[in-house]
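Colleague: can you look at this prediction? I've put the sequence above it.
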Amino acid sequence: MKKSFTVGPATVGVLLAYISGFVDTLSFIALFGLFAAHITGNIVLLATSIAENRHGLLMKMLAIPVFVVAAIGTRLYIVRRERH
(Lines give C-alpha, C1' and ligand atoms only; values in the text may rest on other atoms or scores of the structure.)
Protein backbone atom coordinates (compact mmCIF):
# COMPACT_ATOMS: atom_id res chain seq x y z
CA MET A 1 0.00 0.00 0.00
CA LYS A 2 1.41 3.34 -1.05
CA LYS A 3 1.01 6.35 1.18
CA SER A 4 0.24 9.56 -0.61
CA PHE A 5 1.62 12.87 0.54
CA THR A 6 -0.53 15.93 0.04
CA VAL A 7 0.27 19.51 0.86
CA GLY A 8 -2.52 21.63 2.30
CA PRO A 9 -3.10 25.36 1.91
CA ALA A 10 -1.48 26.15 5.27
CA THR A 11 1.71 24.35 4.26
CA VAL A 12 1.80 26.16 0.93
CA GLY A 13 1.34 29.48 2.70
CA VAL A 14 4.18 28.74 5.11
CA LEU A 15 6.48 27.68 2.26
CA LEU A 16 5.67 30.80 0.24
CA ALA A 17 6.26 33.01 3.29
CA TYR A 18 9.62 31.34 3.90
CA ILE A 19 10.66 31.74 0.27
CA SER A 20 9.61 35.39 0.16
CA GLY A 21 11.50 36.12 3.39
CA PHE A 22 14.57 34.39 2.02
CA VAL A 23 14.37 36.32 -1.25
CA ASP A 24 13.89 39.62 0.60
CA THR A 25 16.92 38.98 2.80
CA LEU A 26 19.05 37.84 -0.11
CA SER A 27 18.08 40.82 -2.27
CA PHE A 28 18.69 43.24 0.61
CA ILE A 29 22.22 41.91 1.00
CA ALA A 30 22.95 41.47 -2.73
CA LEU A 31 21.56 44.88 -3.73
CA PHE A 32 23.52 46.73 -1.02
CA GLY A 33 20.57 47.75 1.13
CA LEU A 34 17.76 47.99 -1.43
CA PHE A 35 14.67 46.43 0.14
CA ALA A 36 12.56 44.81 -2.58
CA ALA A 37 9.80 43.37 -0.38
CA HIS A 38 7.03 45.14 -2.27
CA ILE A 39 7.70 43.36 -5.51
CA THR A 40 8.30 40.05 -3.74
CA GLY A 41 4.92 40.31 -2.05
CA ASN A 42 3.25 40.96 -5.38
CA ILE A 43 4.93 37.92 -6.92
CA VAL A 44 3.80 35.72 -4.02
CA LEU A 45 0.21 37.00 -4.30
CA LEU A 46 0.29 36.45 -8.05
CA ALA A 47 1.57 32.88 -7.63
CA THR A 48 -1.10 32.01 -5.07
CA SER A 49 -3.81 33.51 -7.27
CA ILE A 50 -2.64 31.42 -10.21
CA ALA A 51 -2.38 28.27 -8.08
CA GLU A 52 -5.82 28.70 -6.53
CA ASN A 53 -7.52 30.16 -9.62
CA ARG A 54 -8.72 33.26 -7.77
CA HIS A 55 -10.23 36.45 -9.14
CA GLY A 56 -8.25 39.67 -9.52
CA LEU A 57 -5.44 38.01 -11.43
CA LEU A 58 -5.16 40.80 -14.00
CA MET A 59 -4.64 43.47 -11.35
CA LYS A 60 -1.95 41.42 -9.67
CA MET A 61 -0.24 40.84 -13.01
CA LEU A 62 -0.30 44.56 -13.77
CA ALA A 63 1.15 45.50 -10.37
CA ILE A 64 4.57 44.11 -11.28
CA PRO A 65 5.22 46.05 -14.51
CA VAL A 66 3.71 49.20 -12.98
CA PHE A 67 6.15 48.87 -10.07
CA VAL A 68 9.09 48.41 -12.44
CA VAL A 69 8.08 51.41 -14.58
CA ALA A 70 7.61 53.56 -11.47
CA ALA A 71 11.03 52.52 -10.14
CA ILE A 72 12.71 53.36 -13.45
CA GLY A 73 10.85 56.67 -13.68
CA THR A 74 11.83 57.59 -10.13
CA ARG A 75 15.47 56.75 -10.78
CA LEU A 76 15.52 58.84 -13.96
CA TYR A 77 13.89 61.74 -12.09
CA ILE A 78 16.50 61.55 -9.32
CA VAL A 79 19.38 61.45 -11.82
CA ARG A 80 17.95 64.45 -13.68
CA ARG A 81 17.47 66.41 -10.44
CA GLU A 82 21.05 65.65 -9.33
CA ARG A 83 22.48 66.98 -12.60
CA HIS A 84 20.75 70.36 -12.22
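Modeller: Here it is on my side, so go on. Numbers count the residues shown, from 1 in each chain.
Colleague: mind listing what the residue positioned nearest the centre of the chain touches?
Modeller: Computing the C-alpha centroid of the chain and ranking residues by C-alpha atoms, centre = their mean puts Thr40 first, at 1.9 Å. Listed by C-beta atoms under 8 Å, 6 or more residues apart in numbering, the contact partners of Thr40 are Ser20, Val23, Asp24, Ser27. From N, CA and C alone the C-beta is placed, and that goes for glycine too.
Colleague: which strand or helix spans it?
Modeller: Under the criterion of DSSP states H and E, Thr40 resides in helix 37-52.
Colleague: buried sites along that helix?
Modeller: Residues of helix 37-52 classed as buried: Ile39, Thr40, Asn42, Ile43, Val44, Leu45, Leu46, Ser49 (neighbour count, 16 or more other C-beta atoms under 10 Å).
Colleague: list the contacts for the fourth one?
Modeller: What it means is Ile43. Taking C-beta under 8 Å, 6+ apart as the test, what Ile43 contacts is Ser20, Ile64.
Colleague: and it, how far is that from Phe67?
Modeller: Counting by C-beta to C-beta, to the nearest Å, the gap from Ile43 to Phe67 is 10 Å.
Colleague: quick one: name whatever helix or strand follows the lowest-mean-pLDDT helix or strand in the chain.
Modeller: Sorted by mean pLDDT, DSSP states H and E, the helices and strands of the chain end with helix 37-52, the least confident at a mean of 78. As assigned by DSSP H and E, the chain's next helix or strand after helix 37-52 is helix 57-83.
Colleague: what's that next one packed up against?
Modeller: Here helix 57-83 touches helix 37-52, going by 3 or more C-beta pairs under 8 Å, 6 or more residues apart in numbering; DSSP states H and E.
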